[in-house]
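S.K.: 3D model of this:
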Amino acid sequence: MKKNVLCGALLAAFCATGAVFAAPANTLPSFTQEAEELARLPGGGWLTLDKHGLRLLNASGQEQDRIAVRAKQLDTRINGGKVLAVFLEADTQRPLPVSVDVQAGKLNRLAPFPIPTFSVEASCLYRDAQQLDHLFLIGKDGQAEQWVMQGEQRSLVRKLALPPHAKHCRADDGARRLLVSEANMGVWSYEADSEGMGKREVVALRKPYGQLDGGAGALAVLPGGVAVLDGKAEKLHLYSHQGSKWTAQPAQAVALNVRKGDSQLALDGNSLMLRGKNGWHARPLKWAGQAETSPAVAIIAPQAQTEPMARQGDAADDPAIWLSSNPADARILGTNKKQGLLVYDLQGKQTQLLEVGRLNNVDLRQNISLGGGKVDLAVATQRDDNSMMLFTINADGVVAEAGRFPTGLKSIYGMCLYQPASGGVEAFINDKDGTFQQYKVEMSGMSGNKFSATLLRSFKVATQPEGCVADDANARLFLGEETRGIWTTSADAAKPDALAMVLPVGAQLTADVEGMAIYRQPGGKADSGYLIVSSQGDNSYVVLDAKAPYKVRGRFKVGFNLPAGIDGTSETDGLDVTSANLGGAYAQGMLVIQDGYKRLPDGPQNFKYVAWGDVAKALKLE
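M.R.: Got it, this is the predicted structure:
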């Protein structure tokens, strides 16, 4: 990713090194003095915003183009020679995006955003890792919205609650951070990415809680930090960010003469530009910060999504894929921790709801030899009574409850099924205290449809587990200990072996370790295949070989599919995968992922469908 993309419109000079800058004081051209807001452009030109509109000026100050409108709140993003500018039409407060053709000297209006439903006090741009441009709109009373744009499309991503009396905001693209100044209090930092619950950090507060004399004014993003105009005093403050801590830089680091009434900030190379009652002035900046960047991770767009849960909050948890003789009739079983078991088709439409209580994890196996016949069986953990629930699935994909068995566990949680080479089916059930139980499921006869469950063995991990998956072909069990990593052990109760660490929590796997599934090509060798694991802490998914030495093949995230109106995934609990050819985009199989926060717009949780071919292409899998 290019440094100028990561650091925003005017930070290219900062991004090159971490050296301290101390340039001579700059004298800004006289033609900039009437501007209320301005931005420097590639080639030395300028964008200026004043009471008459947006003006495009060349380096000599000659006006090349203009959009005549009362306007405010200018922000830009530059990628090479491409410039995007967004400002607010003052009368309607409608955000107006503009493409700036620097070479041709033209301002090209783009499709506008809708007129906001609240009074906008602050707005700013953010460019995400998928290279999509977002716009934050913040109201005086704290109402806020995040929008995303692609071509002519303008979509509401989510609503936010931000500080009241916010007059300024800026986004640090590389750090995925939204900075908001609260006029009478200080500066706050938020996660700019829409996926996940997000978190807030204090950057700077007014006295006596911090160093600001009068709250916070205008902001300018610096590499690894931020410049903040004091809300009342004639001061400028610099703050650097390291780890999760914001640190005020010493006074001698600020080589700026802040004048009374200065109210705007902008960057020009290694100088800060300030605007006051008498126009703009520029001063050198001493800064040794390093731009923060997120690790590069492949981003894959989902193909479809299920209808949302009928319950708000943390409801959806774990999916399982059922295959039909007709690939187009495959079904997705998904648990709702507040309601029961749901069934969806390949378009994401709900076909069934079994209101059987708080189900957590679900897994299934097909064509199982039981009771003298064949049966497709799903098993789920039921948290109301700590039982194991059984469901049959008929040839039409219709699911029916078939029994439940007490486990004696105190806090039943995750589970997965194992189909031994000798036949039948077994279930691994776990408890939040680390206990695992392995059951053999049997059937007395097809006509009576009487199931039974016999405990084969128990073992325990040190801390809370949940996700697990059995590799039937190799009689191995993979399990996740949420804060420690992925373990493996024998799935054969008659041949137990010690737990062996596959991948610990660390640089490639972020706690919590959650859902797991194994992808193996149809007819593939038993020693081939991939283990896919939800790295919940950073909203990513790790793909590694399902055999020793368990080489990590890569990581990916699920991002926006804006044309289809589908958001990405975050805080994933459960997932499942199949290599079966389900047609169309799913010719190489399908990955189904639980989404912890549904956006575009906000709504109840659901499941996303991802084409395995897209994963294989992004990670260069065989």
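
S.K.: show me the contacts for Tyr413.
M.R.: Residues near Tyr413 by CB atoms under 8 Å, 6 or more residues apart in numbering: 360-361, 381, 383, 430-432, 464-466. Using the backbone N, CA and C atoms, a C-beta is placed for each residue, glycine as well.

S.K.: now for the residues you listed, which sits with the most neighbours around it?
M.R.: When neighbours are taken as other CB atoms under 10 Å, the top entry among the contacts of Tyr413 is Asn430 (30 neighbours).

S.K.: in a strand, it, correct?
M.R.: Yes: Asn430 forms part of a strand when assessed by DSSP: H, G, I helix; E, B strand; the rest coil.

S.K.: from Phe405, how far off is it?
M.R.: Distance of Asn430 to Phe405, given as CB to CB, to the nearest Å: 15 Å.

S.K.: beyond the strand or helix carrying Leu96, next helix or strand please.
M.R.: Following DSSP states H and E, one finds Leu96 within strand 95-101. Once the chain leaves strand 95-101, the next helix or strand it forms, by DSSP H and E, is strand 106-109.

S.K.: and after that next one, which helix or strand comes next?
M.R.: strand 120-127.

S.K.: list the helices and strands the helix or strand just after that following strand packs on?
M.R.: Downstream of strand 120-127, the first helix or strand assigned by DSSP H and E is strand 133-139. Contacting strand 133-139 under the criterion 3 or more CB pairs under 8 Å, 6 or more residues apart in numbering; DSSP states H and E are the following elements: strand 95-101, strand 120-127, strand 143-150, strand 166-172.

S.K.: identify the bridge partners of the nearest residue to Gly506 once chain neighbours are set aside.
M.R.: Counting by CB to CB, 6 or more residues apart in numbering, the nearest residue to Gly506 once its immediate chain neighbours are dropped is Gly485, at 7.9 Å. Each beta-bridge partner of Gly485 is listed here: Glu481, Pro504, as defined by DSSP bridges.

S.K.: ok, Glu121 - contacts?
M.R.: Neighbours of Glu121 in contact, by CB under 8 Å, 6+ apart: 138-140, 165-167.

S.K.: now do 6 Å
M.R.: The contact partners of Glu121, taken as CB atoms under 6 Å, 6 or more residues apart in numbering, are 138, 140, 166-167.

S.K.: one step back: so how far is Asp317 from the residue nearest to Gly506?
M.R.: The value you get for Gly485 to Asp317, if CB to CB is used, is 21 Å.

S.K.: farthest pair in the contacts of Tyr413?
M.R.: Arg383 and Pro465 (15.0 Å; CB to CB).

S.K.: pipe the helices and strands packed on strand 133-139 into a markdown table and attach distance to Gly559 per row.
M.R.: Formatted as a markdown table, the entries for the helices and strands packed on strand 133-139 read as follows, by distance: least, CB to CB, whole Å:
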| stretch | distance to Gly559 |
| --- | --- |
| strand 95-101 | 21 |
| strand 120-127 | 13 |
| strand 143-150 | 11 |
| strand 166-172 | 17 |
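
S.K.: nearest to Gln339, out of those strands?
M.R.: Evaluated with CB to CB, the helices and strands packed on strand 133-139 place strand 143-150 nearest to Gln339, the distance being 29.2 Å.

S.K.: what's next to the closest one, contact-wise?
M.R.: The list of residues contacting strand 143-150 from outside it, by CB under 6 Å, 6+ apart, reads 118, 132-138, 155-160, 162, 194, 562.

S.K.: by contact count, what packs against the very next helix or strand once past that strand?
M.R.: Proceeding N to C from strand 143-150, the next assigned helix or strand is strand 153-161, under DSSP H and E. In terms of contacts (3 or more CB pairs under 6 Å, 6 or more residues apart in numbering; DSSP states H and E), strand 153-161 is packed against strand 143-150.

S.K.: can you list the strands that the strand holding Leu96 pairs with?
M.R.: Note on strand 95-101: by DSSP bridges, its sheet partners are strand 82-89 (antiparallel), strand 106-109 (antiparallel).

S.K.: mind putting the ones you listed into CSV with mean neighbour count, distance to Glu36 and mean pLDDT?
M.R.: CSV is the format used below for the strands paired with strand 95-101 (neighbours: other CB atoms under 10 Å; distance: least, CB to CB, whole Å; pLDDT from 0 to 100):
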stretch, mean neighbour count, distance to Glu36, mean pLDDT
strand 82-89, 21, 11, 95
strand 106-109, 14, 17, 96
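
S.K.: nearest to Thr569, out of these?
M.R.: Go through the strands paired with strand 95-101 one by one with CB to CB and the one that ends up closest to Thr569 is strand 82-89, at 26.8 Å.

S.K.: got the angle between that closest one and strand 143-150?
M.R.: 140 degrees (axes from the mean of the first three to the mean of the last three CA atoms, to 10 degrees).

S.K.: tell me what angle strand 82-89 forms with strand 120-127.
M.R.: Here the directions of strand 82-89 and strand 120-127 differ by 170 degrees (the same axes, to 10 degrees).

S.K.: next one: strand 82-89 to chain centre, how far?
M.R.: 25 Å (CA atoms, centre = their mean, to the nearest Å).

S.K.: again, but for stretch 106-113
M.R.: Centroid separation for stretch 106-113 versus its chain: 29 Å, with CA atoms, centre = their mean.

S.K.: what comes into contact with that stretch?
M.R.: When contacts are defined by CB under 6 Å, 6+ apart, stretch 106-113 is touched by residues 56, 65, 67, 94-99, 152, 154.

S.K.: measure the residue nearest to Arg127 when sequence neighbours are not counted to Lys106 for me?
M.R.: In space, not counting the residues next to it along the chain, Arg127 is nearest to Asp173; the distance is 4.8 Å by CB to CB, 6+ apart. Distance of Asp173 to Lys106, computed by CB to CB: 25 Å.

S.K.: Gln588 contacts Gly613, doesn't it?
M.R.: Yes: using CB atoms under 6 Å, Gln588 is in contact with Gly613, at 4.1 Å.

S.K.: so between those two, which is more surrounded?
M.R.: More neighbours sit around Gln588 than around the other of Gln588 and Gly613, counting by other CB under 10 Å; the figures are 21 against 16.

S.K.: tell me the pLDDT at Gly371?
M.R.: If you check Gly371, the pLDDT there is 85.

S.K.: report how many residues lie close to it.
M.R.: Neighbour number of Gly371 under other CB under 10 Å is 17.

S.K.: which phi and psi does it have?
M.R.: Reported as degrees, to the nearest 10, the phi and psi values for Gly371 are phi 60, psi 30.

S.K.: ignoring the adjacent residues along the chain, who's closest to it?
M.R.: According to CB to CB, 6+ apart, the nearest residue to Gly371 is Met443 (3.5 Å).

S.K.: how many residues are close by that neighbour?
M.R.: For Met443, the neighbour count with other CB under 10 Å is 24.

S.K.: beta partners of it?
M.R.: Assessed by DSSP bridges, Met443 has beta-bridge partners Phe451.

S.K.: distance of it relative to Ser452?
M.R.: Shown here: Met443 relative to Ser452, a distance of 8 Å by CB to CB.

S.K.: surely Ala35 meets Thr48?
M.R.: Yes: using CB under 6 Å, Ala35 is in contact with Thr48, at 3.6 Å.

S.K.: which strand is the longest one in this structure?
M.R.: Assignment by DSSP state E gives strand 359-370 as the longest strand of the chain.
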